[in-house]
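1. Could you look at this predicted model? Sequence included:
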Amino acid sequence: MTLAATDIDALVQGCRRRQAAAQHTVVQRFAPWLMSVARRYARTKEETEDILQDAFVQIFEKIDQFNPQKGHFTGWMQRIVVNTAISHYRRFHFTREYPTDILPDTHGALPDVWGKLSMDELIQVISTLPDGARQVFNLFVFEEYSHDEIGALLEIPAGTSRSLLSRARKILQEKITQHAHELAGI
(Lines give C-alpha, C1' and ligand atoms only; values in the text may rest on other atoms or scores of the structure.)
Protein backbone atom coordinates (compact mmCIF):
# COMPACT_ATOMS: atom_id res chain seq x y z
CA MET A 1 0.00 0.00 0.00
CA THR A 2 3.00 2.29 0.39
CA LEU A 3 3.27 4.40 -2.73
CA ALA A 4 5.38 7.48 -3.36
CA ALA A 5 3.51 10.78 -3.42
CA THR A 6 4.26 11.12 -7.14
CA ASP A 7 2.74 7.68 -7.79
CA ILE A 8 -0.40 8.61 -5.86
CA ASP A 9 -0.60 11.93 -7.72
CA ALA A 10 -0.36 10.07 -11.03
CA LEU A 11 -3.12 7.64 -9.95
CA VAL A 12 -5.38 10.49 -8.83
CA GLN A 13 -4.82 12.35 -12.08
CA GLY A 14 -5.56 9.19 -14.06
CA CYS A 15 -8.76 8.63 -12.08
CA ARG A 16 -9.77 12.26 -12.69
CA ARG A 17 -9.42 11.57 -16.41
CA ARG A 18 -11.56 8.44 -15.89
CA GLN A 19 -8.75 6.15 -17.05
CA ALA A 20 -9.76 2.56 -16.39
CA ALA A 21 -6.14 1.50 -15.79
CA ALA A 22 -5.69 4.08 -13.02
CA GLN A 23 -9.01 3.12 -11.42
CA HIS A 24 -8.06 -0.55 -11.61
CA THR A 25 -4.72 0.17 -9.94
CA VAL A 26 -6.43 2.10 -7.13
CA VAL A 27 -8.80 -0.81 -6.54
CA GLN A 28 -6.00 -3.39 -6.63
CA ARG A 29 -3.70 -1.43 -4.33
CA PHE A 30 -6.21 -0.21 -1.76
CA ALA A 31 -9.14 -2.67 -1.76
CA PRO A 32 -7.65 -5.08 0.81
CA TRP A 33 -6.98 -2.29 3.29
CA LEU A 34 -10.31 -0.53 2.66
CA MET A 35 -12.04 -3.91 2.97
CA SER A 36 -10.70 -4.13 6.52
CA VAL A 37 -12.15 -0.69 7.26
CA ALA A 38 -15.55 -1.65 5.81
CA ARG A 39 -15.46 -4.98 7.64
CA ARG A 40 -15.47 -3.25 11.03
CA TYR A 41 -18.85 -1.74 10.20
CA ALA A 42 -20.54 -4.77 8.62
CA ARG A 43 -21.96 -7.93 10.08
CA THR A 44 -21.36 -10.18 7.07
CA LYS A 45 -18.89 -10.60 4.23
CA GLU A 46 -21.62 -9.67 1.75
CA GLU A 47 -22.37 -6.41 3.57
CA THR A 48 -18.65 -5.63 3.66
CA GLU A 49 -18.40 -6.16 -0.09
CA ASP A 50 -21.49 -3.99 -0.73
CA ILE A 51 -20.07 -1.18 1.39
CA LEU A 52 -16.70 -1.39 -0.35
CA GLN A 53 -18.25 -1.44 -3.82
CA ASP A 54 -20.42 1.58 -3.01
CA ALA A 55 -17.40 3.34 -1.53
CA PHE A 56 -15.32 2.83 -4.68
CA VAL A 57 -18.17 4.25 -6.75
CA GLN A 58 -18.13 7.30 -4.45
CA ILE A 59 -14.33 7.56 -4.59
CA PHE A 60 -14.32 7.66 -8.37
CA GLU A 61 -17.34 9.98 -8.58
CA LYS A 62 -15.82 12.41 -6.05
CA ILE A 63 -12.17 12.14 -7.10
CA ASP A 64 -12.21 15.78 -8.23
CA GLN A 65 -12.93 16.78 -4.61
CA PHE A 66 -9.71 15.20 -3.31
CA ASN A 67 -7.26 17.90 -2.25
CA PRO A 68 -3.76 16.71 -1.31
CA GLN A 69 -3.21 19.91 0.75
CA LYS A 70 -6.01 18.82 3.08
CA GLY A 71 -4.75 15.30 3.70
CA HIS A 72 -3.45 12.05 2.30
CA PHE A 73 -5.33 10.12 -0.39
CA THR A 74 -5.64 7.04 1.83
CA GLY A 75 -7.22 9.07 4.63
CA TRP A 76 -9.66 10.63 2.16
CA MET A 77 -10.64 7.18 0.87
CA GLN A 78 -10.97 5.81 4.41
CA ARG A 79 -13.38 8.61 5.31
CA ILE A 80 -15.48 7.77 2.25
CA VAL A 81 -15.61 4.09 3.28
CA VAL A 82 -16.68 5.03 6.81
CA ASN A 83 -19.34 7.44 5.55
CA THR A 84 -20.56 4.85 3.05
CA ALA A 85 -20.83 2.25 5.81
CA ILE A 86 -22.84 4.62 7.98
CA SER A 87 -25.12 5.52 5.07
CA HIS A 88 -25.54 1.82 4.34
CA TYR A 89 -26.74 1.19 7.88
CA ARG A 90 -29.02 4.20 7.83
CA ARG A 91 -30.68 2.82 4.70
CA PHE A 92 -30.77 -0.88 5.51
CA HIS A 93 -30.05 -1.87 9.09
CA PHE A 94 -29.37 0.89 11.53
CA THR A 95 -31.91 1.05 14.27
CA ARG A 96 -31.55 3.79 16.78
CA GLU A 97 -30.45 2.21 20.02
CA TYR A 98 -31.03 4.29 23.08
CA PRO A 99 -29.78 2.48 26.15
CA THR A 100 -32.22 2.40 29.02
CA ASP A 101 -29.45 2.61 31.57
CA ILE A 102 -26.17 4.45 31.73
CA LEU A 103 -23.34 2.01 32.11
CA PRO A 104 -20.13 2.91 33.92
CA ASP A 105 -17.15 3.73 31.74
CA THR A 106 -14.99 0.61 31.53
CA HIS A 107 -12.15 2.25 29.62
CA GLY A 108 -8.93 0.51 30.54
CA ALA A 109 -10.70 -2.32 32.31
CA LEU A 110 -10.41 -4.85 29.52
CA PRO A 111 -8.54 -8.00 30.47
CA ASP A 112 -5.05 -8.83 29.22
CA VAL A 113 -6.52 -11.23 26.67
CA TRP A 114 -7.45 -8.16 24.57
CA GLY A 115 -3.88 -7.96 23.27
CA LYS A 116 -3.83 -11.70 22.55
CA LEU A 117 -6.73 -11.59 20.11
CA SER A 118 -5.90 -11.72 16.42
CA MET A 119 -7.32 -8.94 14.24
CA ASP A 120 -9.83 -11.40 12.78
CA GLU A 121 -10.96 -12.45 16.28
CA LEU A 122 -11.22 -8.83 17.35
CA ILE A 123 -13.28 -7.86 14.31
CA GLN A 124 -15.48 -10.91 14.85
CA VAL A 125 -16.16 -9.87 18.45
CA ILE A 126 -16.84 -6.26 17.41
CA SER A 127 -19.23 -7.45 14.68
CA THR A 128 -21.46 -9.03 17.35
CA LEU A 129 -22.16 -5.67 18.97
CA PRO A 130 -25.60 -4.15 18.43
CA ASP A 131 -25.60 -1.82 15.40
CA GLY A 132 -25.58 1.49 17.26
CA ALA A 133 -22.96 0.42 19.78
CA ARG A 134 -20.78 -1.02 17.00
CA GLN A 135 -20.98 2.15 14.91
CA VAL A 136 -20.09 4.40 17.85
CA PHE A 137 -17.28 2.09 18.99
CA ASN A 138 -15.72 2.03 15.52
CA LEU A 139 -16.03 5.77 15.03
CA PHE A 140 -14.60 6.57 18.46
CA VAL A 141 -11.85 3.95 18.68
CA PHE A 142 -10.70 3.46 15.08
CA GLU A 143 -11.61 6.74 13.38
CA GLU A 144 -10.93 8.86 16.51
CA TYR A 145 -14.10 10.94 16.15
CA SER A 146 -15.29 12.94 19.15
CA HIS A 147 -18.71 12.26 20.65
CA ASP A 148 -19.96 15.53 19.17
CA GLU A 149 -18.78 14.44 15.70
CA ILE A 150 -20.31 10.99 16.14
CA GLY A 151 -23.57 12.53 17.31
CA ALA A 152 -23.73 14.78 14.25
CA LEU A 153 -22.85 11.95 11.89
CA LEU A 154 -25.34 9.46 13.34
CA GLU A 155 -27.94 12.11 14.18
CA ILE A 156 -27.95 11.26 17.88
CA PRO A 157 -27.13 13.35 20.97
CA ALA A 158 -23.48 13.30 22.08
CA GLY A 159 -24.66 11.83 25.40
CA THR A 160 -26.20 8.90 23.58
CA SER A 161 -22.90 8.39 21.79
CA ARG A 162 -21.14 8.23 25.16
CA SER A 163 -23.72 5.76 26.47
CA LEU A 164 -23.45 3.55 23.39
CA LEU A 165 -19.65 3.56 23.66
CA SER A 166 -19.91 2.55 27.30
CA ARG A 167 -22.37 -0.18 26.33
CA ALA A 168 -20.03 -1.42 23.59
CA ARG A 169 -17.09 -1.52 25.98
CA LYS A 170 -19.10 -3.43 28.59
CA ILE A 171 -20.28 -5.98 26.03
CA LEU A 172 -16.76 -6.35 24.64
CA GLN A 173 -15.35 -6.75 28.13
CA GLU A 174 -17.83 -9.54 28.83
CA LYS A 175 -17.14 -11.29 25.52
CA ILE A 176 -13.37 -11.00 25.87
CA THR A 177 -13.49 -12.23 29.45
CA GLN A 178 -15.57 -15.18 28.26
CA HIS A 179 -13.01 -15.79 25.50
CA ALA A 180 -10.20 -15.71 28.08
CA HIS A 181 -12.03 -18.25 30.22
CA GLU A 182 -12.53 -20.49 27.18
CA LEU A 183 -8.82 -20.28 26.37
CA ALA A 184 -7.95 -21.11 29.98
CA GLY A 185 -10.41 -24.01 30.02
CA ILE A 186 -12.49 -22.49 32.80
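-> Arrived safely.
2. Name the residues that touch the helix or strand bottoming out on mean pLDDT in the chain?
-> Least confident helix or strand, the chain: helix 119-127 with a mean of 84, by mean pLDDT, DSSP states H and E. By CB atoms under 8 Å, 6 or more residues apart in numbering, the surrounding residues in contact with helix 119-127 are 36, 39-40, 42-43, 117, 134, 137-138, 172, 175-176, 179. In this view, the C-beta of every residue, glycine as well, is placed from N, C-alpha and C.
3. Quick one: buried ones out of these?
-> 39-40, 42, 117, 134, 137-138, 172, 176, 179 (16 or more other CB atoms under 10 Å).
4. Which residue in the residues you listed has the weakest pLDDT?
-> Minimum pLDDT across the buried ones among the contacts of helix 119-127 is recorded for residue 117, with 70.
5. Correct me if wrong: that residue contacts residue 179.
-> Yes: contact criterion CB atoms under 8 Å: residue 117 and residue 179 qualify, at 7.3 Å.
6. Can you get me a residue count around residue 66?
-> 18 (other CB atoms under 10 Å).
7. Would you agree it is in contact with residue 12?
-> Yes: Residue 66 is within contact range of residue 12, at 6.1 Å (criterion: CB under 8 Å).
8. anything in contact with each of these two?
-> residue 73.
9. mind listing what's buried in stretch 147-156?
-> Residues of stretch 147-156 classed as buried: 147, 150-151, 153-154, 156 (neighbour count, 16+ other CB under 10 Å).
10. Likewise for stretch 61-77?
-> For stretch 61-77, using 16+ other CB under 10 Å, the buried residues are 63, 66, 73-74, 76-77.
11. do the same with stretch 22-30
-> The neighbour-count criterion (16+ other CB under 10 Å) identifies 22-23, 25-26, 29-30 as the buried residues of stretch 22-30.
12. what do you get for stretch 124-143?
-> For stretch 124-143, the buried set under the neighbour-count rule, 16+ other CB under 10 Å, comprises 125-127, 129, 131-140.
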